[in-house]
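J.: pasting the sequence and the predicted coordinates here, then a few questions.
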Amino acid sequence: MRSKLFIACLINLLAVSTVFMTQPIFADLATSFAVDLTKARYSFSVVSLFYTVSFFFLGPAADKFDLTKMACTGTLLLSSAVLFSSCTDNFSLFLVGMAFVGIGAAMVPASMFPYIAKISPQHKTGVNMGTIVASGTLGVIFGRVSMGIQTAAVGWQYSFRSVALVLLVLSVVSFLVLVRNNDLKPDNRQKLPQLFANSLRLLFDRRVLALLLTGFFLFIGFLGMVTFLTYRLAAPPFNFSSGEIGWISFAGITALIAPFAGSLSQKTGTSKIVLMGLLMCFLSLQLMGWFTSTTLTALGLLLLFLGVYIVQPLVFLKIGESVSRDSLGSASSMYIFFCIGGGSLSSIFLGPVWQSYGWTGITTTSSIALLASLLIMSVIALREKIS
């Protein structure tokens, strides 16, 4: 079990890191492809959009097919797409490559989240789910930090190729550890159209929909702020380089709290911990948004990741408690679809906000999204208390 959990977390970390690795190098991509700096953000918008949409289709597939083979295939596809993206000098083709990066990256968490939930002993489900959620968060940090540092040293093309090589090795390792030793065989006899219908049916469950919207608004605020933080830090008064932007992202290491959040919730109550995490997120946005201190910005980023990944595994658990075991793949993928979908939309619609109102507009919009998430979760907690 431990080796399977380790490999699942490792490939999930690397897969998620590829989605976010363009964020600290917007300026480098703009220079390399001779495009406007604001257009460079499309490298993240495209990969995150395809990453998001893929979950809608992969959820039902995860309830039908071999989860370990899906993860192994996704890792191999991801390696190929990252390599292709590093070899083109055309920005449009680069975006095509990033679209396939998003699809390959989605195949890993779409399969590994329900896989870990199914193979975990009941008394360790919370901790194990928290662990794989934390690995995804560390992937966000690793992608931003490592790519920023590597790009400053050897350029983004060679940095991409090193990532492709690591992913190729991990696809072989995942085959040897997960696929060849898999004793969790697919047993869902429903056809894919039925599974898609079951997935869509989740949207008509008021409790599940409320939890999905909690994640949606949380990630609008979270990824909206983090995406445009790159522009904020590259401009006065900070004037940070790609490497420095990468290093400050290391504050997100607080995502390691996620496994402990799962364990703590069993003693304190899930909803209380989720509300505490959301309040922490809102406070962090204020620290990052209204002060020009590097220390307070780093502290705000630390608290933001801490809050988000206190919330993430617990909302996963609450969704899992609301659906049948056969629908875990669809439910977990639908939640990621809503979360990353919110983040993808924020990176697109916040562009005009940034151009018109700057960092103040980003902070205000992201804060409103966090308040919406907090309001929804407060209603859920109140209904639980009444019932």
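T.: Cool, the structure landed. Keep in mind it's a predicted model, so treat the numbers as computed, not measured. Residues are numbered from 1 along each chain as shown.
J.: for the rest of this, base every contact and every neighbour count on C-alpha atoms.
T.: OK.
J.: how about residue 352, secondary structure?
T.: Of the three states, residue 352 takes helix under DSSP: H, G, I helix; E, B strand; the rest coil.
J.: where does pLDDT dip in the stretch 151-300 of the chain?
T.: Low-confidence segments of the stretch 151-300 of the chain, defined by pLDDT under 70: 186-189, 242, 246, 249-268.
J.: which parts of this structure are helices?
T.: 2-20, 26-33, 42-62, 67-87, 91-119, 125-154, 156-174, 192-201, 206-234, 242-248, 258-268, 270-290, 294-322, 328-386 (DSSP state H).
J.: number of nearby residues for residue 336?
T.: Counted by other Cα atoms under 10 Å, the residues lying close to residue 336 total 27.
J.: equivalent analysis for the one 4 residues further on, please.
T.: Here the neighbour count serves as a burial measure; for residue 340 (other Cα under 10 Å) it reads 24.
J.: grab the nearest non-local neighbour of it.
T.: Among residues not flanking residue 340 along the chain, residue 52 sits closest, at 5.5 Å (Cα to Cα, 6 or more residues apart in numbering).
J.: will you turn the helices of the chain into a markdown table that also has distance to residue 180?
T.: Listed next are the helices of the chain as a markdown table, based on distance: least, Cα to Cα, whole Å:
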| stretch | distance to residue 180 |
| --- | --- |
| helix 2-20 | 11 |
| helix 26-33 | 40 |
| helix 42-62 | 18 |
| helix 67-87 | 9 |
| helix 91-119 | 15 |
| helix 125-154 | 21 |
| helix 156-174 | 9 |
| helix 192-201 | 25 |
| helix 206-234 | 34 |
| helix 242-248 | 37 |
| helix 258-268 | 27 |
| helix 270-290 | 36 |
| helix 294-322 | 27 |
| helix 328-386 | 21 |
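J.: test my guess that the residue nearest to residue 340 contacts residue 335.
T.: No: applying Cα atoms under 8 Å as the test, residue 52 and residue 335 come out as separate, 10.0 Å apart.
J.: coming back round to it: near the residue nearest to residue 340, how many other residues are there?
T.: Residue 52: 27 neighbours (other Cα under 10 Å).
J.: and what of residue 308?
T.: Look at residue 308: counted by other Cα under 10 Å, it has 25 neighbours.
J.: tell me how far it lies from residue 174.
T.: 28 Å (Cα to Cα, to the nearest Å).
J.: next: residue 235.
T.: According to Cα to Cα, residue 235 and residue 174 sit 42 Å apart.
J.: who has more neighbours out of the two?
T.: Neighbour tally, residue 235 and residue 174, criterion other Cα under 10 Å: the higher count belongs to residue 174, 23 against 12.
J.: give the contact list for that one.
T.: By Cα atoms under 8 Å, 6 or more residues apart in numbering, the contact list for residue 174 reads 7, 8, 11, 68, 71, 72.
J.: residues contacting the closest residue in space to the second one that isn't next to it in sequence?
T.: With sequence-adjacent residues excluded and distances taken as Cα to Cα, 6+ apart, residue 8 is closest to residue 112, at 6.2 Å. Residues in contact with residue 112, defined by Cα under 8 Å, 6+ apart, are 8, 12, 67, 68, 71.
J.: most widely separated two among these?
T.: The most widely separated members of the contacts of residue 112 are 12 and 67, with 13.1 Å between them, by Cα to Cα.
J.: can you tell me how far residue 83 sits from residue 166?
T.: From residue 83 to residue 166 the distance is 11 Å (Cα to Cα).
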